[in-house]
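**Q** Fold the following, please.
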Amino acid sequence: MLASSISPSLLLLLLLPPSSLSADVTGTSDPSVRWVELRGAPLSHLLQDVGAEHLYVGGVDHLYQLTTDLEVTAHVRTGPHLDSPDCLPPIVPQDCPSATPTHNHNKLLLMEAGQGVEPGSLIVCGSLYQGICDKRSLSNISQLIYQTSNPVDTQYGAANDPRVSTVGVVITVENKQEVMHLMLVGRGYTSKGPGDIPPITTRRLFPVVPPRRAFSQEEDKLWGYSSTTTTLWAVTTGDRVTLFSRRDMWHKKEYRTYASRLCASDRSFYSYVEVPLKKGQLSGHG
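**A** Numbers count the residues shown, from 1 in each chain. I've put the predicted structure just below:
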């Protein structure tokens, strides 16, 4: 989705300056039309379903579904909720004394296409509860399709720190036996919570057959664990996925930027290659 395909009024909506963390969906003189009064609730992600003419907007503590005319058709409040980055969900106050009401920052907002009789879904990942994700209906985001109340450690997808980036794309892998939907996720290092989540992982979206769980990590990984890697951007072009990341070279007090690419259909990541980006020099290894 390109910014040029979004109406100027919605882009203006996304650029409104914050003043406080609240938002209301308010009626107008026409009862069939509603509009959003942000009151400073920052918005972070915008997704367009061109076929259904829906817009999805994610921000702090709020999700919105709008028409292309900016009529609000659904609104979900996602926070604040009792949480702590030091504790694993579900949060029980007696077992987690550091838990406090915490804002939920939208970290990922992606669209999964339907498969056969299975409907498509809106993938939503937040900063609460160690970055767990859920699936919501594309026609009405108020309807949950999948949500885990007791996640396992392989289901923690997004970074649990609002300041740490998380990026992702949904990819489809086909073979003779089945069609799979996977989510490729890149995230930065966080100092609290589970410390063994690799910077780049793939997550199973469909099909999910017990004992496997939705959003659980696949066994294959792109990189081993690194506390110095922050993935900043991911995009799909045909059968290729391109990522841009930054690595902190602590011993040299500098940052290095890398561009990497792999084939989306390559589940074992043999096609993965990365190139460090440096002014006046181009080299690669993979």
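**Q** ok, the residue positioned nearest the centre of the chain - contacts?
**A** The centroid of the chain falls nearest to residue 108 when counting by CA atoms, centre = their mean (1.6 Å). Applying CB atoms under 8 Å, 6 or more residues apart in numbering, one finds that residue 108 lies in contact with 45, 123, 124, 125, 133, 157, 158, 166, 167, 168, 185. In short, each C-beta sits where N, CA and C put it, glycine included.
**Q** for it, which residues make a bridge with it?
**A** residue 125 (DSSP bridges).
**Q** out of everything not next to it in sequence, what's closest to residue 55?
**A** Counting by CB to CB, 6 or more residues apart in numbering, residue 66 is the residue found nearest to residue 55 once chain neighbours are left out, at 4.4 Å.
**Q** now the contacts of residue 108 in a markdown table, with distance to residue 91?
**A** A markdown table is the format used below for these (distance: CB to CB, whole Å):
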| residue | distance to residue 91 |
| --- | --- |
| 45 | 25 |
| 123 | 22 |
| 124 | 19 |
| 125 | 17 |
| 133 | 17 |
| 157 | 18 |
| 158 | 17 |
| 166 | 21 |
| 167 | 26 |
| 168 | 24 |
| 185 | 23 |
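**Q** Let's see if you can find the most crowded of those.
**A** residue 185 (29 neighbours; other CB atoms under 10 Å).
**Q** Now that one: which helix or strand?
**A** strand 179-187 (DSSP states H and E).
**Q** now the strands: where do they sit in the stretch 101-250 of the chain?
**A** 106-112, 121-126, 133-137, 144-146, 166-174, 179-187, 200-206, 217-221, 229-237, 240-249 (DSSP state E, counting those that start in this stretch).
**Q** Show me what counts as buried in the longest one.
**A** Just to be clear, that refers to strand 240-249. 241, 243, 244, 245, 246, 247, 248 (16 or more other CB atoms under 10 Å).
**Q** any weak-confidence spans in the stretch 151-286 of the chain?
**A** 195, 219-229, 249-252, 280-286 (pLDDT under 70).
**Q** rewinding a little: nearest to residue 190 among the buried residues of strand 240-249?
**A** For those, the residue nearest residue 190 by CB to CB is residue 248; the value is 13.8 Å.
**Q** For the closest one, give the beta-bridge partners.
**A** residue 255.
**Q** wait, isn't it in contact with residue 255?
**A** Yes: with contact defined as CB atoms under 8 Å, residue 248 reaches residue 255; the gap is 5.9 Å.
**Q** hang on, the earlier thing: to residue 100, which of the strands of the stretch 101-250 of the chain lies closest?
**A** Nearest to residue 100, of all the strands of the stretch 101-250 of the chain, is strand 121-126, at 16.1 Å by CB to CB.
**Q** Are there helices or strands packed against that closest one, and which ones?
**A** strand 106-112, strand 133-137, strand 166-174 (3 or more CB pairs under 8 Å, 6 or more residues apart in numbering; DSSP states H and E).
**Q** any chance of the ones you listed in JSON lines, with distance to residue 234 too?
**A** Formatted as JSON lines, these follow (distance: least, CB to CB, whole Å):
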{"stretch": "strand 106-112", "distance to residue 234": "10"}
{"stretch": "strand 133-137", "distance to residue 234": "16"}
{"stretch": "strand 166-174", "distance to residue 234": "4"}
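**Q** between those, which gets nearest to residue 202?
**A** Checked against CB to CB, the stretch from the helices and strands packed on strand 121-126 lying closest is strand 166-174, at 8.1 Å.
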